[in-house]
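Enquirer: Can you look at this prediction? I've put the sequence above it.
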Amino acid sequence: MKISQRYAAPLLLGLVSTLLSTHAIAMGGMGGGCMMGCTTTPTVIDPPRGAAFQDPVTMPNISTISGIVEVNMEAKVAPININGVTANLMTYNGTYPAPTIKVKKGDLLKVHFKNSLPYTGLNMMGDARDLTNLHTHGLHVSPEGNSDNTMLSLMSGELFDYEYDLSLHPGGNLNFYHPHRHGNTAEQMWGGMAGALEVADETPALAAYETHIMMLKDISLDGAAPAAHTMDDFMSGKEGNVMMVNGKVNPVLNMKPGQVQRWKIVNASNARFYKLSLGSHNLQVIGSDGGLLNKPYAQSSILLSPGERVDVMVKASTTKGYYKLLSNPYDRGMSMMSGGGSQQITLLTVNVTGTAVTNSIPGTINASAVRLAVPAGTPTRQITLSMGMMGGMEAYINGIAFSETNAYTAHSSVNTYEIWEVFNQSMMDHPFHQHVNPAQVISISGGDSAYKSLYTTSPAWKDTVIVPKGGSVKLLVPIKDYTGMTMFHCHILEHEDIGMMGLWDIR
Ligand code: C2O
Ligand code: CU
Ligand code: CU
């Protein structure tokens, strides 16, 4: 039975990870007798309005040649003000969020990377904590050599010159960069290493709108440092108790009455899901992970799991006042352990103020965006996600926990199509992410109905898709342009580190 499994698992985990007492308290706190299916009153987290909203800073481009964007990037520990507390985060260039890299289709992006993370011993996975590398999540670029090569591992003090040829990247989307050293990814991203990577769109209809980037991330601090991971965190996915937009708690974003703004939102959290809404305002989705949609899709709320991006247009009310951008309760399957499933969080406040304007949302966004028909004879690959049940701190793809010496490997031929059927055999949702080639969603079984309807009817390109607990997802994956060894994994980064990752060998 589903119900008994659901309750048995956290208990077993608790026993073997010596966290029984925590779980016992959490369960007691649920108000005894409230079993699955009951509606718990959400915990309302409504911090006072904070500072004025700010976009992340822009990464300086040191190139003077048009068509080349060249940046210096240093991974290092630096003091960052988190909601009034100065904490030593893991950063790129000493800022959180990391600076936004801005490029356009066809550019050559050069990153002079320096690893200045200190060597501070081994983590729970047995990996040296300084080891890192760079991943450009969402870019359709080569996964080899000094491009988006996530097989690399750079030690403290090492320099590396990355180069990304964006001539085949379709453009018009928000991507993000973060570390991808297996075993260290979760701790480093939790510690602050994540930045936006914006590929400009060439859609004149969108040029005139006030546009912002929003990076959603949570963190918990332990004194002046990011809270350490526990075994339980690796199984559940680590959620924090400070929720930030661009590093600020509940910042205030001004809009004029009737104004339309465009927001490019990325979930840069390790494990927290956000179900976004803005009062009675519609969120008009105009783009997804991989680019713009044909037209706006009106949503009353949008579910965004770790690694996903959404490009939305919002038309402010004509009534002045404060409106809360909320993250609404959503049970990703771990609410027993983290409480995350029952929280309602104020992420940002829109202040509708000033002189009214008469903006409108365009009816057409990218007329050439279409849903692909599945080509006849397309082969199907089955990928099953599962979790260790007995506290072994392992997660699997097709029964194999990823390691440098053993991984489920998908062998694909370049310039073909595949259908990937991804099954979730566990009791929590997993955001499934593949590198290099975005996909279209054919179908989703289980999970949030608005999410399913948006991504199975619109011409959305997705590189990260929620595979609902006990459910499945079917993707049409065009394998285009690039050969090489890359990967796919759960974007709850703790799950990636404990093995829910496979290799993708494209020839
Ligand atoms: Cu954003 Cu392989 O990851
Ligand atoms: Cu990625
Ligand atoms: Cu997962």
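Expert: Done, it's in. Ligands and ions are numbered 1, 2, ... in the order given.
Enquirer: I'd guessed residue 270 sits against residue 237; true?
Expert: Yes. At 6.2 Å, residue 270 counts as touching residue 237 under the criterion of C-beta atoms under 8 Å. For the C-beta atoms, the positions are set from N, CA and C on the backbone; glycine is no exception.
Enquirer: For these two, list the residues in contact with both.
Expert: Common neighbours of residue 270 and residue 237 (criterion: C-beta atoms under 8 Å, 6 or more residues apart in numbering): 306, 492-494.
Enquirer: Most neighbours among those, which one is it?
Expert: Among these, residue 492 has the most neighbours (other C-beta atoms under 10 Å), with 33 neighbours.
Enquirer: so what's the closest residue to residue 279 other than its chain neighbours bridging to?
Expert: With sequence-adjacent residues excluded and distances taken as C-beta to C-beta, 6 or more residues apart in numbering, residue 279 is closest to residue 323, at 4.7 Å. Using DSSP bridges, the bridge partners assigned to residue 323 are residue 350.
Enquirer: Then the one 4 residues further on?
Expert: On DSSP bridges, the residues paired with residue 327 through beta bridges are residue 276, residue 345.
Enquirer: List the contacts of the residue most central in space within the chain.
Expert: Most central in the chain under C-alpha atoms, centre = their mean is residue 307, positioned 1.7 Å from the mean C-alpha point. Neighbour list for residue 307: 137, 267, 431, 433, 463-464, 491 [criterion: C-beta under 8 Å, 6+ apart].
Enquirer: In terms of helices and strands, where is residue 201?
Expert: If you go by DSSP states H and E, residue 201 is not part of any helix or strand.
Enquirer: Surely it is in contact with residue 174?
Expert: No. When contacts are counted by C-beta under 8 Å, residue 201 is not listed as touching residue 174 (9.9 Å).
Enquirer: joint contacts of these two?
Expert: With C-beta under 8 Å, 6+ apart as the test, residue 201 and residue 174 both reach residue 287.
Enquirer: What is the neighbour count of residue 267?
Expert: 27.
Enquirer: what about the residue nearest to it when sequence neighbours are not counted, neighbour count?
Expert: Of all residues not flanking residue 267 in the chain, residue 304 sits nearest, at 4.6 Å (C-beta to C-beta, 6+ apart). Applying other C-beta under 10 Å, we find 25 residues neighbouring residue 304.
Enquirer: And the residue in the stretch 201-350 of the chain that ligand 3 sits nearest to, how far from residue 495?
Expert: Going by C-beta to the ion, ligand 3 is nearest to residue 237 of the stretch 201-350 of the chain, at 6.5 Å. Here residue 237 is placed at a distance of 7 Å from residue 495 (C-beta to C-beta, to the nearest Å).
Enquirer: and what of residue 48?
Expert: 34 Å.
Enquirer: Quick check: residue 304 touching residue 274?
Expert: Yes. Using C-beta under 8 Å, residue 304 is in contact with residue 274, at 4.8 Å.
Enquirer: For these two, list the residues in contact with both.
Expert: Counting by C-beta under 8 Å, 6+ apart, the contacts common to residue 304 and residue 274 are 216, 267.
Enquirer: about what we covered before: let's have the shared contacts of residue 270 and residue 237 in a markdown table, adding secondary structure.
Expert: A markdown table is the format used below for these (DSSP: H, G, I helix; E, B strand; the rest coil):
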| residue | secondary structure |
| --- | --- |
| 306 | coil |
| 492 | coil |
| 493 | helix |
| 494 | helix |
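Enquirer: Of these, which are in range of ligand 2?
Expert: The subset of the shared contacts of residue 270 and residue 237 lying close to ligand 2, counting by C-beta under 5 Å from the ion, is empty.
Enquirer: just those residues now: which is nearest residue 161?
Expert: Nearest to residue 161 among the shared contacts of residue 270 and residue 237, counting by C-beta to C-beta, is residue 493 at 25.6 Å.
Enquirer: In the stretch 351-500 of the chain, which residue sits nearest ligand 2?
Expert: Closest to ligand 2 within the stretch 351-500 of the chain is residue 435: 4.8 Å, counting by C-beta to the ion.
Enquirer: who's in contact with that residue?
Expert: Contacts for residue 435 (C-beta under 8 Å, 6+ apart) come out as 135, 137, 143, 148, 150, 463, 486-488, 504.
Enquirer: Can I get stretch 210-227 in CSV? Just the C-alpha atoms.
Expert: Output of stretch 210-227 as CSV, limited to C-alpha atoms (Å, rounded to 0.1, in the frame of the first residue of the first chain):
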residue,chain,number,x,y,z
GLU,A,210,11.3,46.2,-18.3
THR,A,211,13.0,42.9,-17.8
HIS,A,212,14.4,41.3,-14.6
ILE,A,213,16.3,38.1,-13.7
MET,A,214,15.2,36.4,-10.5
MET,A,215,17.4,33.7,-8.9
LEU,A,216,15.5,31.7,-6.3
LYS,A,217,17.6,30.1,-3.6
ASP,A,218,17.3,29.0,0.0
ILE,A,219,20.0,28.5,2.6
SER,A,220,20.4,27.8,6.3
LEU,A,221,23.4,29.2,8.1
ASP,A,222,25.3,27.7,11.0
GLY,A,223,27.0,30.7,12.5
ALA,A,224,29.0,32.3,9.7
ALA,A,225,28.9,29.4,7.3
PRO,A,226,26.3,27.5,5.2
ALA,A,227,24.8,24.7,7.4
